[in-house]
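A.B. asks: Sequence and predicted model, in that order:
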Amino acid sequence: MNTPLSLADIRTDYARAALDEAAVHADPLAQFAQWFQEAQRAEIPEPNAMTLATLGLDGRPKARVVLVKGLDRQGFSFFTNYESAKGRELAANPFAALQFHWVQLERQVRIEGVVSKLTPAESDAYYLSRPVNSRLGAWASPQSQVIPDRAWLERREAEYRARLGDDPQRPEHWGGYRLVPDVMEFWQGRPSRLHDRLRYVRAADGWRIERLAP
């Protein structure tokens, strides 16, 4: 890049809403569900897009955007190839972090916790709900591995389509994970960069709510 980008003057002053301890749910998963529903009502594109951060096998942090596909009383579920980079990283170190950013609402949610695989039945149920092309893609893609070119991938997809037909079952190397949170932080943009930050920390008797300086 010959010309440096001028970024210092890009500024937005946030003033849409506030976040107060007296107005939030005692359970952070309930608070998340409320914010998520508000993001849906605001018609934010792909409100379920989240950054997933793991510890790489080389000791460096790794991050990528994935889609959350389930939220229940235990935590957040997503699906991937178990043999992908993130799958190998989670097998070696099950601690991970998630981040949602709903920029139109001036909100972020940061989540930390332990990740474990969903049961085979849970993974089967989600896999079979996917469109057939996505189901075949899970067979065809050796995720995170180096491949020769796009044509190689398309030939492989065609081979699996011919072999498995229109009702492929879930491959053993593909399935779901659930992150069970022990820390969740809700961030609401405020004027003058004096943002509201409320952090929930799991304790023996429930959740403790703390206010963080912006």
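C.D. replies: That came through fine.

A.B. asks: if you go through this structure in chain order, where are the strands?
C.D. replies: Remark: strands assigned in the chain by DSSP state E are 49-55, 61-67, 70-71, 76-81, 95-102, 107-117, 174-188, 196-203, 206-211.

A.B. asks: Same list, those, but as TSV with distance to residue 168 and mean pLDDT please.
C.D. replies: (C-beta placed from N, C-alpha, C; glycine too.) Shown next, in TSV, are the strands of the chain (distance: least, Cβ to Cβ, whole Å; pLDDT from 0 to 100):
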stretch	distance to residue 168	mean pLDDT
strand 49-55	25	98
strand 61-67	20	98
strand 70-71	21	97
strand 76-81	15	98
strand 95-102	28	98
strand 107-117	20	98
strand 174-188	11	98
strand 196-203	39	98
strand 206-211	41	97
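
A.B. asks: And those: which comes nearest residue 23?
C.D. replies: strand 196-203 (10.0 Å; Cβ to Cβ).

A.B. asks: What angle do strand 174-188 and that closest one make with each other?
C.D. replies: With axes from the mean of the first three to the mean of the last three Cα atoms, to 10 degrees as the basis, strand 196-203 and strand 174-188 are set at 130 degrees to each other.

A.B. asks: just the angle between strand 196-203 and strand 206-211, please?
C.D. replies: 150 degrees.

A.B. asks: Partner strands of strand 196-203 and their direction?
C.D. replies: strand 174-188 (antiparallel), strand 206-211 (antiparallel) (DSSP bridges).

A.B. asks: Turn the strands of the chain into a markdown table, including distance to residue 89 and mean neighbour count.
C.D. replies: Formatted as a markdown table, the strands of the chain follow (distance: least, Cβ to Cβ, whole Å; neighbours: other Cβ atoms under 10 Å):
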| stretch | distance to residue 89 | mean neighbour count |
| --- | --- | --- |
| strand 49-55 | 4 | 19 |
| strand 61-67 | 6 | 13 |
| strand 70-71 | 21 | 16 |
| strand 76-81 | 11 | 21 |
| strand 95-102 | 8 | 19 |
| strand 107-117 | 10 | 19 |
| strand 174-188 | 11 | 20 |
| strand 196-203 | 23 | 17 |
| strand 206-211 | 28 | 13 |
